[in-house]
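Novice: just need the structure, nothing else, for what follows:
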Amino acid sequence: MPHSRTTFQRWMRCLIIVFILLMTYIIIADRYVPLTSESRVQGYVVQIAPEVSGTIMQVAVQNNQTVTKGKLLFRIDDQKYRLAVDQAQVALEQAHQQEQSLYAQASVAQANIATSQANYNNAHSDFNRISQLAKKKLVSASMRDNAYAKNQTTQANLAAAKQQAVVIQTQLGDKPGQSTVVLAAENALAQAKLNLAHTQIIAPSNGIITNLQVDIGTMATANQPMLTFIPTNSMWVTADFREKSTAKFDAHSAAYVAYDALPGQVFPLTIKSRDFGVAAAQQIANGHLATMETSNRWVRDAQRVRVNFTSQQPFPPQLFVGSRATVVVYSQQHPIEQLLAKIEIHLASVLHFIY
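Specialist: Okay, here's the model as predicted:
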């Protein structure tokens, strides 16, 4: 009996020592080699929306298909947009004709200026001669008044002719093809051609089409999303660490990741950035008083902050946006930390066979 009691006490001491050592390691590792299972693969999700409206006449992709940049995704009925281009081309030809008419009017305006200038010069000379004769009482005052009226009329006609020439010249621009009517018609034609080009929706980059819910006959509305597109070269990993765990992160920090989809495998990561805030601390200017957080727990939950990681090698094809992962961070300047990080992450990777 005493032997059994001694054995029990020995085992209890061992368990207590192991527990203390384990707690000590957890506290230290959480500071210098932090590990978190709150990690996911992230990627940009692009909503593909047409810039023109119409009936979809062709769908060139399938759901979850990998596409390359510039590949046709779907095509909208372009009949009315082709007609719009033809109409804009006709309008441009009419604009060139109007420009030629303006040039002819400009020539007429210059001729009117020359005629008005000659009439004004003649009337002004007559007025000066008659004024001199009127001072000597050789002509009547009525004749002088008539000469003055003619002088003023021809001067006004000359000013009007010059203003008409300015108006026409303003519409013509600096050189042929720069008139306002031609520029407006060219702009309308360019817009019509752009709308026609927008009837073909193409992939903006290499990626994957997912959640495809369109077919031939679907009515496409301008600026309304029709497809979900995920660029394959935009994926990264995010991990949520306790804020105290990120205090040691610097330019010498690196990471290992074990994906749930690939148990038993470990991949290196590089720290890209750390988020500078969390949603819980976001303030909204709503005119109300501050809301105080209340908690009845003795120990409050630790605040987590998101850290973003990138990979120097392509992501495995088994991964997708939202894939779960486990990440551990270590300092490259401390081999012991790197060794502990490898042990932790390989253990987590093996455990992924189970959960």
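Novice: tell me what the host helix or strand of N128 is packed against?
Specialist: Secondary structure assigned from DSSP states H and E places N128 in helix 79-135. Packing partners of helix 79-135 (3 or more CB pairs under 8 Å, 6 or more residues apart in numbering; DSSP states H and E): helix 141-172, helix 180-197. (Glycine included, C-beta is placed from N, CA and C.)
Novice: what sits against I345?
Specialist: L35, Y256, V257, A258, V266, T326, V328 (CB atoms under 8 Å, 6 or more residues apart in numbering).
Novice: am I right that Q58 is in a strand?
Specialist: Yes: assessed with DSSP: H, G, I helix; E, B strand; the rest coil, Q58 lies in a strand.
Novice: mind checking how far Q42 is from R324?
Specialist: Taking CB to CB, to the nearest Å as the measure, Q42 falls 12 Å from R324.
Novice: coming back round to it: output the helices and strands packed on helix 79-135 as JSON lines; include the columns mean pLDDT and mean neighbour count.
Specialist: Shown next, in JSON lines, are these (pLDDT from 0 to 100; neighbours: other CB atoms under 10 Å):
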{"stretch": "helix 141-172", "mean pLDDT": "75", "mean neighbour count": "15"}
{"stretch": "helix 180-197", "mean pLDDT": "90", "mean neighbour count": "16"}
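Novice: so which of the ones you listed gets nearest V18?
Specialist: helix 180-197 (70.6 Å; CB to CB).
Novice: between the closest one and helix 79-135, how big is the angle?
Specialist: 170 degrees (axes from the mean of the first three to the mean of the last three CA atoms, to 10 degrees).
Novice: what lines up beside the next helix or strand along the chain from helix 180-197 in the sheet?
Specialist: Toward the C-terminus, helix 180-197 is succeeded by strand 200-202 as the next helix or strand (DSSP H and E). Here strand 200-202 is paired, per DSSP bridges, with strand 72-76 (antiparallel).
Novice: chain center to the partner strand, what's the gap?
Specialist: On the basis of CA atoms, centre = their mean, to the nearest Å, strand 72-76 sits 21 Å off its chain's mean C-alpha point.
Novice: buried ones in it?
Specialist: L73, F74, R75, I76 (16 or more other CB atoms under 10 Å).
Novice: quick check: the two most widely separated of those?
Specialist: L73 and I76 (10.8 Å).
Novice: can you pull the residues that touch both of these two?
Specialist: Jointly contacting L73 and I76 under the rule CB under 8 Å, 6+ apart are I201.
Novice: ok, the spatially most central residue of the chain - contacts?
Specialist: For the chain, the residue nearest the mean C-alpha position is V46 (10.6 Å; CA atoms, centre = their mean). Applying CB under 8 Å, 6+ apart, we find V46 in contact with P204, G207, T228, F229, I230, P231.
Novice: excluding chain neighbours, what is closest to the second one?
Specialist: The shortest distance from G207 to any non-neighbouring residue, by CB to CB, 6 or more residues apart in numbering, is to P231 (4.3 Å).
Novice: which ones are touching the one you found?
Specialist: P231 neighbours (CB under 8 Å, 6+ apart): G43, Y44, V46, P204, S205, N206, G207.
Novice: go with 7 Å
Specialist: Counting by CB atoms under 7 Å, 6 or more residues apart in numbering, P231 touches Y44, V46, S205, N206, G207.
Novice: correct me, but the fourth one touches K71?
Specialist: No: between N206 and K71 there is no contact, the gap being 9.2 Å when judged by CB atoms under 7 Å.
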